[in-house]
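K.L.:
Output the structure for:
(2 chains)
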Amino acid sequence: MTATIALAGNPNVGKSTIFNALTGSRQHVGNWPGKTVEKKEGRLHVGDMDILVVDLPGTYSLTAYSIEEIIARDFIINEHPTAVVAVVDAANLERNLYLVAQVIELEVPVIIALNMTDIAASRGLQIDANRLSERLGGIPVIETVGNRSMGLDQLATAITQVSEHPVQALPRPTYSGILGDELTALEAMIAADSTLAGQYRPYWLATKLLENDTAVLAAMEAQGKASLIEASEAAQIRIEDATGEDAETLIADQRYTTVGNIIATVLERPSQAVLTTSDKIDAIVTHRIWGLPIFLLMMWLVFQFTANASAPYLDWVDVFINETVYGWAGQILAALGLGNTWPAALITDGIIAGVGGVLVFVPVLLFLYFALAVLEDSGYMARAAFVMDRVMRWMGLHGKSFLPMIVGFGCTVPAVYATRTLENEKDRKLTGFLATFMSCGARLPVYVVFGAAFFGARSANLVFAMYIVGIGVALATGFALKHTVYKGKPPAPFVMELPPYRVPRLRDVWRQMGERTEGFLIKAGTVILGVSIALWLLMAIPGRANAGSFNDVAPEDSLFGVVSGAVAPVFQPAGFGSWEATGSLITGFAAKEVVVGTMNQIYVGVDGEPEPEETVSFTEQIKASLLGFGEAAILTVQEILNIIPRTINLIPGINLGEINFFGVAEAEEDTTGLQAALVNSFTQSAGSAAAGVVAAVAFNIFVLLYVPCMVAVSAMRQEFGTRWMWLQIGYTLALAWIAAVLVFQVGRLFV
Amino acid sequence: MAQSKLRQVLAAFEENTGPKSLSQIAHDLEITQPQLEGMIAYWVRRGKIREVADLSECPTCGRDDGCPFVLELPKSYELASDSELIALPMVGVATCQHKK
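P.N.:
Just a heads-up that it's a prediction; the model follows:
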């Protein structure tokens, strides 16, 4: 005896798992005729029964809105399977029963596989399967856990029973009022047509005609059933006149009502308070007034944490790379007979100073990515987008624009691609424009090194200020463009699922930290390495006559120094018109991390001399490094604890003391060679120490606002075109210069 | 004439003046969130509401596991613009494949 069973269900309900469990290796995979949708068939043998099992495409509905839906329902209508096994996700019963209701309307025997009952139980959902069967007119309901092969024997038995006795008492959906009356009238008209009655279940066809189902209408037209279509249209008008609602919506609504009524009698949820804990937190966190200050506070804490907690490790890595590794490299090169040669200079002053100078900031990025991952995993980032939607729309921008901007905190390039989430081209371009002002991870090393050099223990304030200025400039630019170039109607707000808050999972946080830092390391090993070598070369080549020879030239007389020196006067009004600062901004076009690498090469790689290590053995150096690492760990704990008093001290009149494990002000004591050189250089170019601090802030403003990097520019060209790319380059350069000049010129009036 | 629940869901989107969460709307309409999601799915099929697409992947680095900076945001919806209401979704349009 043979039979055909179709497996139907929503996507991701474990349908394939049940299919595989029922059919084992007796499967055939192909495509549905004329379609690219995969078709899977298999055989189930129970006793002397040979059952063909067909896995239908996963769908949420059986309307004509997608090819999967058409395939699924055409199979049921045209192939007349013995029964349909509707695989239902027990943990999401409401959504799944809507499809079941539509399968039932096809008047085919149905078996429900109530799958994933273990997940439903773990969520405290109790489903009365017997009652569900009862409410669905006696349809067999079998509880299964497909991935643990539970309930599959019972399902196979139910399949054989239905196959052997295919006549099942089929429940019939009921529609009340005028809808029911019109359906009955249309059904009678169809039943009287022997051609149609032989092809379709009349009641189902009447329903589809009232739903204006495009595929069914096309089929009726092809069969010349114009009078039926006219009758259906007339019925739709009468329904709409009587109810004020179109028939399709009314039918769907009654299905949802039916499903809702069934759910109310078969599903018991865990006792729910009117407001969950997440709801109560959201009442404050996403509050119309408090939401934004809370967002700013969260950002403040992130950067306090990042800058302070990473500072001890930053110092440790700095010593390790710029002294220990630099010293080892010098000793090895000397032992190889390469001391004082250009290859040695390339390795120590070029590669180690350039790449090493950037790698120093790995701890900073690790702590930043840790903090951001915690926010994401806890569910707060979704709230941030929610809160910023209001701000964005107030500025005339689309709330969704903030999503790419959040991505921009990590990297500008994916932020540019993330603008694809906006359907309107103008919104996409505008958002791509604004995303470049968000401080990406590559800009962070610049802020951190300047923060530590000029603001000491309060370096986090500079970092925080730069991030906020970036957001502010983006919003102001967006506001200006939206009210001039891109005038349009105000965008509609969006509705978002706010997942419950949860304690961040260490595994996920660790994975995110690792993956994001890995990206930084890959960049250090490729782009930054390449730029460092090129930069060393340009600094080794004399830039003017009689300035020296290859690898024996004063930095300011090198090709790089001469070119940078020629551009430097442009930045004099901003207070940083030195060739060193200008040169690092030029290389920063390649990648923003390179700004720090270049400074390290200029200030430390060439001028700095490695500490003599001859008297310290290798073992002692390793021991000192390990001890330094341990000390950094203790200081990190100290710095994290001190975030609390530092934050409270923001309130005027309060001045809490800070914890100090070692009894010395570590953060203020440790100044790296690069930091000291920066203070000297900026003091000199700005005219005084106080003006130097303002010039340093102006420099950071320039780094924040000017062209993000080569790859981001390339992404912009790809997404928005060459003209837009040049417009962006021109605008960001001009804006960065004007802002830096303003900051310096106005700022120095107050110092 | 009383509005159908489905129509009330659409009205909640049309009359929405600020960002709202699904749970807020479900609470306002006195239905469960899964019911609301099902009803939103109906309007998505009708082309009146659009599910906000996942943020696009960035192809630059060519990482097999995708860009680590791209956020996986929760499901979001918005009212479809007027221009899209002219044509309902055509047969053959791929169904939403929300990343989970």
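K.L.:
In chain B, where is pLDDT below threshold?
P.N.:
By pLDDT under 70, the low-scoring segments of chain B are B:1-2, B:55-56, B:62, B:81-100.
K.L.:
hey, where'd the helices end up in it?
P.N.:
Under the criterion DSSP state H, chain B contains helices at B:5-14, B:22-29, B:33-46, B:82-85.
K.L.:
residue in the stretch 451-600 of chain A nearest to chain B?
P.N.:
Residue of the stretch 451-600 of chain A nearest chain B, by Cβ to the nearest Cβ: residue A:515 (3.6 Å). All C-beta atoms are positioned from the backbone trio N, CA, C, and that covers glycine.
K.L.:
what's the burial count for that residue?
P.N.:
Residues near residue A:515, counting by other Cβ atoms under 10 Å in any protein chain shown, number 17.
K.L.:
Just send the helices of chain B back as JSON lines, with distance to residue A:110 and mean neighbour count too.
P.N.:
As requested, the helices of chain B are exported to JSON lines (distance: least, Cβ to Cβ, whole Å; neighbours: other Cβ atoms under 10 Å in any protein chain shown):
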{"stretch": "helix B:5-14", "distance to residue A:110": "24", "mean neighbour count": "19"}
{"stretch": "helix B:22-29", "distance to residue A:110": "29", "mean neighbour count": "18"}
{"stretch": "helix B:33-46", "distance to residue A:110": "19", "mean neighbour count": "22"}
{"stretch": "helix B:82-85", "distance to residue A:110": "35", "mean neighbour count": "11"}
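K.L.:
Could you save the ones you listed as TSV and add columns showing distance to chain A?
P.N.:
Formatted as TSV, the helices of chain B follow (distance: least, Cβ to the nearest Cβ, whole Å):
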stretch	distance to chain A
helix B:5-14	4
helix B:22-29	5
helix B:33-46	4
helix B:82-85	8
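K.L.:
Among these, which comes closest to residue A:442?
P.N.:
helix B:22-29 (36.0 Å; Cβ to Cβ).
K.L.:
contacting residues around the residue of chain B most remote from its centre?
P.N.:
Note on chain B: the largest C-alpha distance from the chain mean falls to residue B:61, namely 29.7 Å (Cα atoms, centre = their mean). Counting by Cβ atoms under 8 Å, 6 or more residues apart in numbering or on different chains, residue B:61 touches A:519, A:522, B:67.
K.L.:
Cross these against strands and list the overlap.
P.N.:
Among those, no member falls in strands (DSSP state E).
K.L.:
among these, who's most crowded?
P.N.:
Highest neighbour count within the contacts of residue B:61: residue B:67, with 25 neighbours (other Cβ under 10 Å).
K.L.:
which ones are touching it?
P.N.:
Contacts of residue B:67 (Cβ under 8 Å, 6+ apart): A:411, A:414, B:57-58, B:60-61.
K.L.:
Which members of those are the farthest-apart pair?
P.N.:
A:411 and B:57 (12.6 Å).
K.L.:
Neighbour count for those two, which is higher?
P.N.:
Higher neighbour count among residue A:411 and residue B:57: residue A:411, with 28 against 14, using other Cβ under 10 Å.
K.L.:
Tell me how far that one lies from chain B.
P.N.:
Separation of residue A:411 from chain B (Cβ to the nearest Cβ, to the nearest Å): 5 Å.
K.L.:
now swap in residue A:187 and tell me
P.N.:
For residue A:187, the distance to chain B - Cβ to the nearest Cβ - is 22 Å.
K.L.:
so residue A:61 is in which element?
P.N.:
In this structure, residue A:61 is located outside every helix and strand according to DSSP states H and E.
K.L.:
I'd assumed residue A:97 was in contact with it.
P.N.:
No: using Cβ atoms under 8 Å, residue A:61 is not in contact with residue A:97, being 11.9 Å away.
K.L.:
quick one, which of these two is more surrounded?
P.N.:
Using other Cβ under 10 Å as the criterion, residue A:61 and residue A:97 rank with residue A:97 on top: 27 against 23.
K.L.:
need the contact list for the closest residue in space to residue A:359 that isn't next to it in sequence.
P.N.:
Excluding the flanking residues, the one nearest residue A:359 by Cβ to Cβ, 6 or more residues apart in numbering or on different chains is residue A:524, at 5.7 Å. Residue A:524 sits next to A:355, A:358-359, A:593 when contact means Cβ under 8 Å, 6+ apart.
K.L.:
So the residue of the stretch 651-751 of chain A found nearest chain B, which state does it fall into?
P.N.:
The nearest approach of the stretch 651-751 of chain A to chain B comes at residue A:711, 5.7 Å away (Cβ to the nearest Cβ). Secondary structure, DSSP: H, G, I helix; E, B strand; the rest coil: residue A:711 is helix.
K.L.:
Can you give me the neighbour number for it?
P.N.:
If you count neighbours by other Cβ under 10 Å, residue A:711 ends up with 19.
K.L.:
so it touches residue A:413, yeah?
P.N.:
Yes: between residue A:711 and residue A:413 there is a contact under Cβ under 8 Å: 5.2 Å.
K.L.:
I'd say residue A:242 and residue A:181 touch.
P.N.:
No: using Cβ under 8 Å, residue A:242 is not in contact with residue A:181, being 9.8 Å away.
K.L.:
Residue A:334: how many residues sit nearby?
P.N.:
12.
K.L.:
what about it, distance to residue A:622?
P.N.:
For residue A:334, the distance to residue A:622 equals 20 Å [Cβ to Cβ, to the nearest Å].
K.L.:
same check, this time on residue A:375
P.N.:
Separation of residue A:375 from residue A:622 (Cβ to Cβ) stands at 37 Å.
K.L.:
Same question for residue A:562.
P.N.:
Residue A:562 is 42 Å from residue A:622, by Cβ to Cβ.
K.L.:
now swap in residue A:673 and tell me
P.N.:
Distance, residue A:673 to residue A:622, by Cβ to Cβ: 22 Å.
K.L.:
Which one's more surrounded, the two?
P.N.:
residue A:673 (16 against 11).
K.L.:
if you skip the residues just before and after it, what's nearest to the spatially most central residue of chain A?
P.N.:
With distances taken as Cα atoms, centre = their mean, residue A:407 lies nearest the centre of chain A, 6.2 Å away. Closest residue to residue A:407 apart from its sequence neighbours, by Cβ to Cβ, 6+ apart: residue A:415 at 4.3 Å.
K.L.:
a strand runs through the one you found, doesn't it?
P.N.:
No: checked against three-state DSSP, residue A:415 lies outside a strand; its state is helix.
K.L.:
circling back: among the contacts of residue A:524, show me the least confident.
P.N.:
Within the set of these, pLDDT is lowest for residue A:358 (82).
K.L.:
related to what we said a few turns ago, could you report the distance from the residue of the stretch 651-751 of chain A closest to chain B to residue A:422?
P.N.:
Between residue A:711 and residue A:422 the distance is 21 Å, computed by Cβ to Cβ.
K.L.:
same thing with residue A:729?
P.N.:
In terms of Cβ to Cβ, residue A:729 sits 22 Å off from residue A:422.
K.L.:
Of the two, which one has the most company?
P.N.:
Using other Cβ under 10 Å as the criterion, residue A:729 and residue A:422 rank with residue A:422 on top: 22 against 15.
K.L.:
any idea how far the more buried one lies from residue B:52?
P.N.:
Applying Cβ to Cβ, the value for residue A:422 to residue B:52 is 9 Å.
K.L.:
who touches both of the two?
P.N.:
Joint contacts of residue A:422 and residue B:52 (Cβ under 8 Å, 6+ apart) are residue A:400.
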